[in-house]
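Chemist: Structure, please.
(one chain, ligands or ions: 2)
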Amino acid sequence: MAAVRRRSGSEPVEKFAEGADERQELFNRIAPVYDKLNDVFTLGMHRMWKKWSISLSGAKEGDKVLDVCCGSGDLSFLLSEKVGMNGKVIGLDFSKELLQIAATRQREHGRSKPCYKNVEWLEADATNLPFPDSYFDAATIGYGLRNIVDRKKALEEMVRVLKPGSKLSVFDFNKSTSKVVCRIQDWMIDYIVVPVASWYGLTSEYRYLKNSIKEYLTGSELEKLALEAGFSQVKHYEIAGRTMGNLVATW
Ligand SMILES: C/C(=C\Cc1cc(O)c2ccccc2c1O)CCC[C@H](C)CCC[C@H](C)CCCC(C)C
Ligand SMILES: C[S@@+](CC[C@H](N)C(=O)[O-])C[C@H]1O[C@@H](n2cnc3c(N)ncnc32)[C@H](O)[C@@H]1O
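Modeler: Ligands and ions are numbered 1, 2, ... in the order given. Below is the predicted model:
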């Protein structure tokens with residue numbers, strides 16, 4: 001693997017992890033602490049939010065479903081329980097390190113969660129999905145679309161691989177139009193997230209998070225982009241004090 005370029009943490013955040021390769025390296029670097037820090041920062045609430053997002057996807061027993069940007073597998077495992085032993089889950093991500101953590105979690109929970117055998121991990125890019133047209137009954141993407149450089153291409157790929165009438169559930173931070181909500185997000189990142197991340201030598205990686213939210217799309221902009229990508233019905237919901245949001249797009 002190419003030598004990982006380390007930043008002193010003093011570069012302007014706007015310039016950090018601009019390209020897909022840099023983001024891939026970023027997620028490979030944060031992989032060892034990603035799950036633990038998410039539980040710490042949200043007091044475990046992110047797991048409840050992800051369950052909500054899965055419920056909005058329409059995934060059901062026996063379905064074949066795709067979790068894009070699956071990372072360490074949180075949504076993939078929730079989908080696994082939803083579709084059951086007769087269903088199939090593909091967890092797709094371009095971070096080898098996070099996929100290895102997902103596979104380890106799958107093995108470790110193999111006995112208590114036999115349905116996890118229905119999950120398959122795939123190292124691939126969300127903007128070039130290696131699947132035929134109209135292949136999946138539902139798809140999810142959690143904290144992923146915001147991190148994809150070519151978001152419209154990724155959404156167009158998700159339209160292509162979904163069966164007509166099926167849904168994509170997009171969970172992420174909410175780029176709120178409320179100054180109060182933006183201040184809550186900024187305060188949490190500046191005074192809790194980044195200082196804690198710095199204990200692990202990941203200051204820049206978690207400082208990137210703040211800029212990625214500022215560069216993200218509002219709920220109405222996400223709805224517009226999904227329609228442009230080919231979805232026929234769209235609806236964006238806000239949760240967690242409007243700090244998080246979920247777009248449901250139907251093909
Ligand atoms: C689970 C969280 C973040 C996932 C995550 C997503 C990314 O894109 C990253 C990119 C780079 C590095 C790390 C990540 C990453 O971890 C949530 C993190 C915590 C939030 C920043 C702050 C928590 C918000 C409050 C708990 C919301 C509650 C408000 C209250 C209910 C009014
Ligand atoms: C914040 S993590 C989210 C992981 C998981 N969905 C969750 O909810 O915890 C973002 C994930 O998106 C992946 N990612 C970003 N851009 C990608 C792309 N173009 N193709 C595939 N994966 C991508 C990263 O590797 C990372 O695993």
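
Chemist: C-alpha only now, for contacts and for neighbours.
Modeler: Fine.

Chemist: Could you list the contact residues of the chain toward ligand 1?
Modeler: Contact residues (Cα under 6 Å from any ligand atom) of the chain with ligand 1: 34, 38, 41-42, 46, 143, 147, 188-189, 205-206, 209, 240-241, 243.

Chemist: So which of those residues reach ligand 2?
Modeler: Among the residues of the chain next to ligand 1, ligand 2 is touched by 143, 147 when using Cα under 6 Å from any ligand atom.

Chemist: Let me know the closest of the residues of the chain next to ligand 1 to residue 171.
Modeler: The nearest member of the residues of the chain next to ligand 1 to residue 171, counting by Cα to Cα, is residue 143 at 5.9 Å.

Chemist: burial of that closest one, as a residue count?
Modeler: 18 (other Cα atoms under 10 Å).

Chemist: Could you pull up the contacting residues of it?
Modeler: Applying Cα atoms under 8 Å, 6 or more residues apart in numbering to residue 143 gives the contacts 69, 170, 171, 172, 173.

Chemist: Of the residues of the chain next to ligand 1, which belong to helices?
Modeler: Among those, the members found in helices (DSSP state H) are 34, 38, 41, 42, 46, 188, 205, 206, 209.

Chemist: Would you mind checking these for buried ones?
Modeler: 34, 46, 205, 206, 209 (16 or more other Cα atoms under 10 Å).

Chemist: The stretch 101-250 of the chain: helices as residue ranges?
Modeler: 151-161, 179-188, 194-198, 203-214, 219-229 (DSSP state H, counting those that start in this stretch).

Chemist: can those go into CSV with extra columns for mean pLDDT and distance to residue 106?
Modeler: Putting those into CSV (pLDDT from 0 to 100; distance: least, Cα to Cα, whole Å) gives the following:
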stretch, mean pLDDT, distance to residue 106
helix 151-161, 98, 25
helix 179-188, 92, 31
helix 194-198, 97, 26
helix 203-214, 95, 26
helix 219-229, 98, 32
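
Chemist: Point out the other helices and strands that the strand ranked longest in the chain packs with.
Modeler: With DSSP state E setting the assignment, residue counts place strand 162-173 as the longest strand in the chain. Here strand 162-173 touches helix 45-57, strand 136-142, strand 244-250, going by 3 or more Cα pairs under 8 Å, 6 or more residues apart in numbering; DSSP states H and E.

Chemist: Give me the number of neighbouring residues for residue 98.
Modeler: Residue 98 has 25 neighbouring residues, counting by other Cα under 10 Å.

Chemist: what about the closest residue to residue 155 other than its chain neighbours, neighbour count?
Modeler: Among residues not flanking residue 155 along the chain, residue 229 sits closest, at 5.8 Å (Cα to Cα, 6 or more residues apart in numbering). Using other Cα under 10 Å, residue 229 is surrounded by 20 other residues.

Chemist: for the one 5 residues further on, same thing?
Modeler: By the criterion of other Cα under 10 Å, residue 234 has 19 neighbours.

Chemist: With residue 165 instead?
Modeler: Using other Cα under 10 Å, residue 165 is surrounded by 13 other residues.

Chemist: which two in the buried ones among the ones in helices among the residues of the chain next to ligand 1 are spaced the farthest apart?
Modeler: Spatial extent of these (Cα to Cα) is set by the pair 46 and 205 at 19.2 Å.

Chemist: Around ligand 2, pick out the residues from the stretch 1-150 of the chain.
Modeler: 24, 27, 69-71, 74, 93-95, 98, 124-127, 141-144, 147-148.

Chemist: wait, does the longest strand of the chain contact ligand 2?
Modeler: No. Residues of strand 162-173 contacting ligand 2 under Cα under 6 Å from any ligand atom: none, with a closest distance of 7.9 Å.

Chemist: How about that strand, which residues are buried there?
Modeler: Within strand 162-173, the residues scored as buried using 16+ other Cα under 10 Å are 162, 163, 164, 166, 167, 168, 169, 170, 171, 172, 173.
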